[in-house]
Each structure stands twice: as C-alpha cells, then as structure tokens.
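Enquirer: Kindly generate the corresponding structure for this input.
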Amino acid sequence: MGRRLLRTGAVAAAGVLTVGLLAADASAWAPERAPARGWLVEDPAEAETSGTAWERGGLRAAEGEPEPTAALGGRVPGAPVAQAVFPPHDLARPVDRVAVAADADGPADGLLIEVRGERADGVWTEWRERAGGPADEAGRVRLPAPVGRVQVRVGIGGEAARAGTVLSGVRLRPAGAPAERPGTAVRERPYSARLFATRIGLVGARTANGHTVRTADHFVALPSRRALAPRDAGDYTVRVCTEGADRRCAYAPVWDVGPWNITDDHWNTPRESWLDLPHGLPQAQAAFLGGHNGGRDGFGRTVLNPAGIDLADGTFREALRLPTNAWVRVDYLWTAEQTARAQVATVSMSDPVVVRSGPGFGHPAVGLAAHAAQVGVECLADGDRASGPGGAGTAWYRIGEGHYIPAAYAEGGEGAAGCAEPGPAPAP
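Expert: Modelled structure (predicted):
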C-alpha cells in the first residue's frame, strides 16, 4: 500500500535539502547517467503508490492487483497499471524547465515519467511528460509556467510492467532560467466547454490515481493524464453544471482518466494529441458525431458515444440528479488564476458539502461540492452560523455565480475580499 507524507516532517525536510542541492547553476544542461552536483535523488520509499510491490529496494508493478479500469472500461495499451507519486520539493529559484531521469532495473519501455510545478498563485500546473529517450538519461520537461515547487510521478505499464522492472529512484534538477514565451498567461476565468457526460459506475474498481471507487462517490474522469490529481487531492477540480431551468452544479476533483482516450487534453491549446481538432472538442465526440479517425478512439476502438467526461455515481445522481447521460457545461477551475482559494472539507472525508444559492441554510440547494475539491473563493459573505472542520462562524464563501458554501466546511480562503453586495434573501 502507498503512503502519503504530509509536507511537514520528512517532506519539509526534503524541501529544505532541495534548496541547498538545487542552488547550483543548472543553466548548462546535458544528458547524464549518474547523480551529479545539483541533482535531487528521490527515494521510492517516500512515494505514494498504487498497484506496486516492493522489491530489491525499489518499486515494480504488483501481480494480481486490480487494474485501473473505472473510466476506460478495461485494460488499454499504454495506460500505466501502477504508479508512484513522489513528494513535492521547493526550488531555490523559479524555473520553467526540469531535467529528470529514472533509475530502473529492467526494460524501461512503459515507464511514464511526468513532472508538474506550482505556479506563483499556488495552483499546480498540469503534468507534463518527459521527452523520449533512455529513461536513465536526463531528459527535459518544459512546464506551462515558471514554478517554485516541483513534483514527479512515474507510471509503470507496458513492457516494464510485464517484465517486472524495478524503479529504484528518480533524479531531477532545474534546467535553465524561466523563459518568457507567449501562451503562458493564466486566464482570468476558467476555460469552459460543453461536453457529453456519462456515468462511471464500477464500484470497487481502481481509478488511475489509485482511488477505489465507492458507492455514491464524487469525482470525475477526463481523457488526459495531464489533469489527474493525486489520490484524495483536489488539485484539478471541475465545475460541472446541467442545462435547462433546473440548473444544478457539482464541484468535483479529477481522479480518473477517460472516457475513451488518455492523451486528449482538449481544453488546452496546443493540445497533446489530435492537433487537427478545434480547441475544446473531445476526440471521442468528433469520432462519434463526425467520423474523426474513422469513428475510432486513440486505441482503435469504435467510439459508441460522444463522451468527453465521466462522472462518478454521487456526482451523476446526487449532485446533478441526472436521469441519464446528458450534455453538461464543464469549467476547468485550475486554468484560471485564483487570488484566494480553498479546499472543501467534511468530517467524514467522503460526503460532499451542499452548495446553496445564498449565504444561509434557508437558500435553495443548487448542487454539491465534493470533499477535497479545490475552489476559487470569489468573495466572503456574512450568513448563517455554521460549524465544521474549518471551525465555526458566520462566514460563507462564494465559489461561483450564485454558489455559496460555509467557510466552516473549507480550508483556506485567506485573502478573499468581502462581497460587494449581500447575498440574496432566503426563499420564504
């Protein structure tokens, strides 16, 4: 079983060590096979893992573990069956490029090495895959923005999983100063797209981040690993809203990859795959409705519906109250700058928080916010007193237009300004 380390203790100590290690000039970069000055060496024992087994001081894909099938509907070529997420580390200076290499005993084909970084506003960039080449030679990863903290994860699949390749460590270091380039500006508002949503179901299956699907679970799947949050985290959260007069919305973290594809980040420009498609159009939707790629997905399977997002049962039935698969509006919250942000928190660590149309319990419920979902706090309003994991008080956070949750059911939100106008009066 994997272990999650808090940023205090071991991780904090590692971060302090990183500052000293990475202070060396890394502007001159070339492939290397052995740890050198300026390199940080990750320890597999500190990683949060899923689908792995410990062997000879390293990690390999475990035998007999349930495969991540929730959103993909079964094993597909190229999808990792195990992964290790290493603790984040502070850097001595912001960078937008990182050199990274893996130390492994066995075939490296199937090792997926990805890096992400924390932006100046505290929001994580999406994961970016290391360029091709031998895994033990350092390859660069270019991040979407300059970052002051970095994190690495390694997926194990393909030949590496079949051959029992053992991952004994990962090495990384900054690779040059941040470069000004177009296309890196953070949006004022999150990117939004209209997608066809389907239900995940499959209680007991394992998601791509190692979460075991529960009854009435609250999370979503998107068809790209770039926005896959670590287990139990809400670093990448979407707001999903139904259409029509009885509009309801759900705030849910991205804990799985799918439906259909695993490299289709259609919300990005440029996107990782299917560069011929318009911005925001999922490949599965284009295949089903327009015959793109001969009506097949990236694995050659015939696309049977235009789904661009999968919803766990709790999000599908309880939050949105959908009777069947439907078109929805999806806002990718991490794509916007967040001057004040908070993480939804509940006592059970699984139940969601009711989202209301105003700052009080007399206001109608308009949706649900999942535990661990990270949301932008637009402003702070005074309302009914509430008591929760975040304390007690009359403060309410507005997290969207006409969307309020008690501040007592959130962690963070510091720096939020007061709402310019009071919330609406409760319904009689």
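Enquirer: how about the helices in this structure?
Expert: 10-21, 158-162, 283-290, 313 (DSSP state H).
Enquirer: number of nearby residues for residue 46?
Expert: 14 (other C-beta atoms under 10 Å). Every C-beta, even on glycine, is put in place using the N, C-alpha and C of the backbone.
Enquirer: ugh, wrong one, residue 103
Expert: Counted with other C-beta under 10 Å, residue 103 comes out at 19.
Enquirer: Now it: closest residue in space, sequence neighbours ignored.
Expert: residue 169 (4.3 Å; C-beta to C-beta, 6 or more residues apart in numbering).
Enquirer: who touches residue 187 in this structure?
Expert: 335-337 (C-beta atoms under 8 Å, 6 or more residues apart in numbering).
Enquirer: Check this protein and tell me which residue is nearest its centre.
Expert: residue 229 (2.6 Å; C-alpha atoms, centre = their mean).
Enquirer: Does that residue touch residue 235 like I think?
Expert: Yes - Residue 229 lies in contact with residue 235 (C-beta atoms under 8 Å); the separation is 4.6 Å.
Enquirer: Name the residues contacting each of the two.
Expert: What both residue 229 and residue 235 touch, as defined by C-beta under 8 Å, 6+ apart, is the set residue 253.
Enquirer: circling back to that earlier point, the residue nearest to residue 103 and residue 41, how far apart?
Expert: According to C-beta to C-beta, to the nearest Å, residue 169 stands 6 Å off from residue 41.
Enquirer: So for those two, which sits in the more crowded spot?
Expert: residue 169 (18 against 12).
Enquirer: what's the span of stretch 227-235 from first residue to last?
Expert: Start-to-end span of stretch 227-235 (C-alpha to C-alpha, to the nearest Å) is 8 Å.
Enquirer: Could you give me the buried positions within that stretch?
Expert: 227-235 (16 or more other C-beta atoms under 10 Å).
Enquirer: who touches that stretch?
Expert: Against stretch 227-235 from outside (C-beta under 8 Å, 6+ apart): 2, 4, 48, 50, 85, 123-124, 126-127, 153, 208-211, 222, 236-237, 253-257, 265, 267, 332, 334, 343-344, 370, 372-374.
Enquirer: Just the buried ones out of those, please.
Expert: The buried subset of the contacts of stretch 227-235 (16+ other C-beta under 10 Å) comprises 2, 48, 50, 85, 123-124, 126-127, 153, 208-211, 222, 236-237, 253-257, 265, 267, 332, 334, 343-344, 370, 372-374.
Enquirer: is it true that residue 306 touches residue 289?
Expert: Yes - with contact defined as C-beta under 8 Å, residue 306 and residue 289 form a contacting pair (5.5 Å).
Enquirer: who has more neighbours, those two?
Expert: residue 306 (22 against 14).
Enquirer: ok now do that one, which residues does it touch?
Expert: Contacts for residue 306 (C-beta under 8 Å, 6+ apart) come out as 196, 282, 284-285, 287-289.
Enquirer: Low-confidence stretches in the chain?
Expert: 1-37, 64-78, 177-186, 422-423, 427-428 (pLDDT under 70).
Enquirer: Can you pull the domain assignment for it?
Expert: What automatic domain parsing lists as the domains of the chain is 10-174, 214-335, 341-412.
Enquirer: Columns distance to residue 201 on top of those domains, output as a markdown table?
Expert: Formatted as a markdown table, the domains of the chain follow (distance: least, C-beta to C-beta, whole Å):
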| stretch | distance to residue 201 |
| --- | --- |
| domain 10-174 | 8 |
| domain 214-335 | 6 |
| domain 341-412 | 17 |
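Enquirer: Ok, which of those comes nearest residue 202?
Expert: For residue 202, the closest of the domains of the chain is domain 10-174, at 5.0 Å, according to C-beta to C-beta.
Enquirer: Mind checking which of the contacts of residue 187 land in strands?
Expert: Within the contacts of residue 187, no residue falls in strands by DSSP state E.
Enquirer: Select from those the one having the most neighbours.
Expert: residue 335 leads those on contacts (other C-beta under 10 Å) with 19 neighbours.
Enquirer: Not counting sequence-adjacent ones, nearest residue to residue 425?
Expert: residue 358 (7.3 Å).
Enquirer: got it, and residue 192?
Expert: Closest to residue 192 by C-beta to C-beta, 6+ apart is residue 331, at 4.8 Å.
Enquirer: what pairs with that neighbour across the strands?
Expert: residue 192, residue 239 (DSSP bridges).
Enquirer: from memory it sits against residue 250, does it?
Expert: No - assessed by C-beta under 8 Å, residue 331 is found out of contact with residue 250, at 10.9 Å.
Enquirer: Overlap in contacts, these two.
Expert: With C-beta under 8 Å, 6+ apart as the test, residue 331 and residue 250 both reach 239-241.
Enquirer: can you redo those as a markdown table with distance to residue 321?
Expert: Below are the shared contacts of residue 331 and residue 250 laid out as a markdown table (distance: C-beta to C-beta, whole Å):
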| residue | distance to residue 321 |
| --- | --- |
| 239 | 16 |
| 240 | 12 |
| 241 | 12 |
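Enquirer: export those to a markdown table and tack on distance to residue 261 and neighbour count?
Expert: A markdown table is the format used below for these (distance: C-beta to C-beta, whole Å; neighbours: other C-beta atoms under 10 Å):
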| residue | distance to residue 261 | neighbour count |
| --- | --- | --- |
| 239 | 22 | 25 |
| 240 | 19 | 24 |
| 241 | 23 | 19 |
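Enquirer: measure the spatially closest residue to residue 47 that is not a sequence neighbour to residue 43 for me?
Expert: Distances taken as C-beta to C-beta, 6+ apart place residue 84 nearest to residue 47, at 3.9 Å, with adjacent residues excluded. To residue 43, residue 84 is 10 Å away according to C-beta to C-beta.
Enquirer: The two: who's more crowded?
Expert: residue 84 (23 against 14).
Enquirer: Return the backbone torsion pair for the residue nearest to residue 263 when sequence neighbours are not counted.
Expert: Closest residue to residue 263 apart from its sequence neighbours, by C-beta to C-beta, 6+ apart: residue 273 at 4.4 Å. Dihedral pair for residue 273: phi -130, psi 170, per degrees, to the nearest 10.
Enquirer: Contact partners for residue 273?
Expert: By C-beta under 8 Å, 6+ apart, the contact set of residue 273 is 261, 263-265, 283, 298.
Enquirer: and if you look at residue 311?
Expert: Contacts for residue 311 (C-beta under 8 Å, 6+ apart) come out as 197-200, 220-221, 240, 250, 252, 320, 322.
Enquirer: Residue 116 against residue 128, yeah?
Expert: Yes - shown here, residue 116 and residue 128 form a contact pair, counting by C-beta under 8 Å, at 6.9 Å.
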